[in-house]
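**Q** how would this look folded up:
(one chain, ligands or ions: 2)
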Amino acid sequence: MIYTGNLTNHSDRRIAIIISRFNALITEQLLRGAQETLQMHGVQKENVSVFWVPGAFEIPLIAKKIGQTSQFDGIITLGAVIKGETSHYDLVIHAATNGISNVSLKTNVPIVFGVLTTDTLEQAQHRSGAKSGNIGADVTTSLLETLSICDQIGHMKN
Ligand SMILES: Nc1c(NC[C@H](O)[C@H](O)[C@H](O)CO)[nH]c(=O)[nH]c1=O
Ligand SMILES: CC(=O)[C@@H](O)COP(=O)(O)O
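**A** Ligands and ions are numbered 1, 2, ... in the order given. I've put the predicted structure just below:
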């Protein structure tokens, strides 16, 4: 038996979007891609909640608190970490990546990683609605597919 996610039957999904304000020029475009993709697949606007955090470093804590409410089926994280002159970039990325992954596994809530990690602003611009697409839209599709697979696994238990 092969199980694959699909993009149908998502109209009742309750989705949380956690977005960082840092590099808002970029993250706002990621948000647009995510919201458009949710709407395209029938998710009701009233079932989508957006949580703004200062930066990517704060995402895991808010994801944990949201996951523990059991009020959402899935979580989309959006951010843009752009390399600067110091090692701060590496520390923020490490904390955000490991934190988000750990929260998803501990809360059992599907969380997708929509945090851009780029060397330059131009690279981030290309991936937030320009020549390389929109990572916000891409990870939203991934979340819906993952939710679909979770449903299928849930039906197996019965
Ligand atoms: N430089 C970037 C940051 N830095 C801020 C941290 O995420 C955090 O908010 C701060 O250290 C306070 O705890 N955040 C980004 O999202 N992107 C960056 O490029
Ligand atoms: C990713 C960051 O934290 C970065 O924007 C900080 O820049 P810098 O390393 O030049 O202080």
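**Q** ok and the residue in the chain nearest ligand 1?
**A** Sorted by distance to ligand 1 under C-beta to the nearest ligand atom, the residues of the chain start with G55, at 2.3 Å. Just so you know, the C-beta spots here come from the backbone N, C-alpha and C atoms, and that holds for glycine as well.
**Q** How about the contacts made by the residue nearest to that residue when sequence neighbours are not counted?
**A** Nearest non-adjacent residue to G55, counting by C-beta to C-beta, 6 or more residues apart in numbering: F22, 4.0 Å away. Counting by C-beta atoms under 8 Å, 6 or more residues apart in numbering, F22 makes contact with 54-56, 79-81.
**Q** what does S49 give?
**A** For S49, the set of contacting residues under the criterion of C-beta under 8 Å, 6+ apart consists of 14-17, 72.
**Q** partners of it in the sheet?
**A** A16 (DSSP bridges).
**Q** and what of the one 4 residues further on?
**A** V53 has these beta-bridge partners by DSSP bridges: S20.
**Q** what are the phi and psi angles of the residue of the chain closest to ligand 1?
**A** G55 has phi and psi values of phi -150, psi 180 when expressed as degrees, to the nearest 10.
**Q** burial of it, as a residue count?
**A** G55 is flanked by 17 other residues according to other C-beta atoms under 10 Å.
**Q** need the contact list for it.
**A** Residues touching G55, when contacts are defined by C-beta under 8 Å, 6+ apart, comprise 20-22, 79, 92.
**Q** please redo it, this time with the cut-off set to 7 Å
**A** Applying C-beta atoms under 7 Å, 6 or more residues apart in numbering, one finds that G55 lies in contact with 20, 22, 92.
**Q** got the contact list for the host helix or strand of the last one?
**A** Taking DSSP states H and E as the definition, one finds V92 inside helix 88-107. The contact list for helix 88-107 (C-beta under 7 Å, 6+ apart) reads 55-57, 59-60, 63-64, 67-68, 77, 79, 81, 83, 110-111, 113, 115, 117.
**Q** and if you look at stretch 64-80?
**A** Applying C-beta under 7 Å, 6+ apart, the set of residues contacting stretch 64-80 is 13-20, 23, 26-27, 30-31, 34, 51, 56, 59, 63, 96, 100, 103, 107, 109-116, 124, 136, 139-140, 143, 147.
**Q** that older thread, shouldn't the residue nearest to G55 be within a helix?
**A** No - when the secondary structure is assigned by DSSP: H, G, I helix; E, B strand; the rest coil, F22 falls in coil instead of a helix.
**Q** For it, report the pLDDT, please.
**A** You'll see F22 listed with a pLDDT of 98.
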